[in-house]
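Enquirer: When you get a sec, could you give me coordinates for this:
(one chain, ligands or ions: 1)
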Amino acid sequence: MKKLMLTAAAAALTLSFGVAQSWAQNIQPRLIRFGYGLNEDSNQGRAVRFFAEEVGKRSGGKLKVRTFGAATLGPDPQMQNALIGGAQEMMVGSTATLVGTVKEFAIWDVPFMFANEKQADAVLDGPVGQKLLDKLQEKGLVGLVYWENGFRNLTNSRHKIEKAEDLQGVKLRVMQNPVFIDTFKAAGANAVPLAFAELFTALETKAVDGQENPYTTIVSSKFYEVQKYLTVTNHVYSPWIVTASKVWWDKLSPDEQKILLESAAAARDFERADTRAQAQKALDQLKAAGMEVTVMPEEEVAKLREKAAPVTKTVIESVGQPLWDEVQAGIKKAGGTN
Ligand code: KDG
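Expert: Below is the predicted model of the structure:
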């Protein structure tokens, strides 16, 4: 009888500690508006929903994330401004559109810098990646983590692109970012900066001939419906970045901030695994959809790399040699094979 009483007392103590712990956590009921640009049925959409579920679980349902896909809250730059002004709480988008806010983010746009995901993960999740996240704070944004957009490849509706010279005169939509504009101008293309939300229509109406994005985006945005040719170049690795409004973030308790950071990191791991698992399937889907797929030969990729060299030099001058050297050291440390 005595043993039974001791067990019951222990159970009561454990339960009360658990309840006390959750009460001890300072979590207020909050609604978090989280915007993103790709379709809901995309790797980006799946990751945002994963994040929302994690936040709900870790906060006992008190922090509710309402997700807004397909740029319903506006293109990335507009959402960034909404975060800075405190009109929206969170978003995920391209680092490329942050270069006007923090110039050092241009380093992630340098063509052919990362050779594989292992290098990208090591640098983005390491000290250099964190240093750039921290720079956002003085601009009214909180950078939480990087997710994976992926290696970018070319599509167009005009003709097969196999040689570097085939890009000559192609009207190619690029992100609103000076490195992408300069890189494809140097390659001989007519680079046209456009918001992602306008891209499908621009391709459909032939306002532009082509664009460049990872396979998963080409599938989820149905670009194959209006693009005949796909050229595998892997010309740059694009990160996504999860950001929050600093004016909002600073009102959160440490417990609430910890939940959001841990959920964003868990969603990062989910998203990278999902995106990498989907990449080959996406390429197979594009072939099945009738796209003519060409792998640009290494000697032609080398010509693109050479044409882009002056652009890389300009980025190094802009971001500073020390930052460039730090990234290169991180790449070397990560090794060449993933
Ligand atoms: O909102 C779209 C962005 O998240 C990103 O996908 C942008 O890669 C991008 C592009 O080509 O605009």
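
Enquirer: Count the residues that sit near residue 317.
Expert: Neighbours of residue 317 under the rule other Cβ atoms under 10 Å: 10. Every C-beta, even on glycine, is put in place using the N, C-alpha and C of the backbone.

Enquirer: Check residue 156 too.
Expert: 25.

Enquirer: ok, now residue 321?
Expert: 9.

Enquirer: Return the backbone torsion pair for it.
Expert: Backbone torsions for residue 321, taken as degrees, to the nearest 10, come to phi -60, psi -40.

Enquirer: How many residues are close by whichever residue of the stretch 101-250 of the chain sits closest to the ligand?
Expert: With Cβ to the nearest ligand atom as the measure, residue 196 is the residue of the stretch 101-250 of the chain nearest to the ligand, at 3.4 Å. Using other Cβ under 10 Å, residue 196 has 22 other residues around it.

Enquirer: Check residue 32 too.
Expert: When neighbours are defined as other Cβ under 10 Å, residue 32 has 20 of them.

Enquirer: quick one: secondary structure of it?
Expert: For residue 32, the assignment made with DSSP: H, G, I helix; E, B strand; the rest coil gives strand.

Enquirer: Report the contact partners of it.
Expert: Residue 32 is in contact with 55, 63-66, 89-90, counting by Cβ atoms under 8 Å, 6 or more residues apart in numbering.

Enquirer: let's go with 6 Å and repeat that
Expert: 65, 89-90 (Cβ atoms under 6 Å, 6 or more residues apart in numbering).

Enquirer: what about it, distance to residue 256?
Expert: Distance, residue 32 to residue 256, by Cβ to Cβ, to the nearest Å: 10 Å.

Enquirer: Between those two, which contacts overlap?
Expert: Taking Cβ under 6 Å, 6+ apart as the contact rule, residue 32 and residue 256 touch no residue in common.

Enquirer: how about residue 222, phi and psi?
Expert: According to degrees, to the nearest 10, residue 222 has phi 60, psi 30.

Enquirer: tally of neighbours for it?
Expert: Neighbours of residue 222 under the rule other Cβ under 10 Å: 13.

Enquirer: Which pLDDT value does the model give it?
Expert: Here, the pLDDT recorded for residue 222 equals 98.

Enquirer: Nearest spatial neighbour of it, chain-adjacent residues omitted?
Expert: Sequence neighbours aside, residue 200 is the residue nearest to residue 222 in space, at 7.1 Å (criterion: Cβ to Cβ, 6 or more residues apart in numbering).

Enquirer: buried residues in the helix or strand hosting that neighbour?
Expert: Here residue 200, judged by DSSP states H and E, is contained in helix 199-204. Residues 199, 202-203 are the ones in helix 199-204 that count as buried (16 or more other Cβ atoms under 10 Å).

Enquirer: Can you tell me which residues in the stretch 51-200 of the chain are near the ligand?
Expert: Within the stretch 51-200 of the chain, the positions lying close to the ligand (Cβ under 6 Å from any ligand atom) are 76, 93-94, 149, 175, 196.
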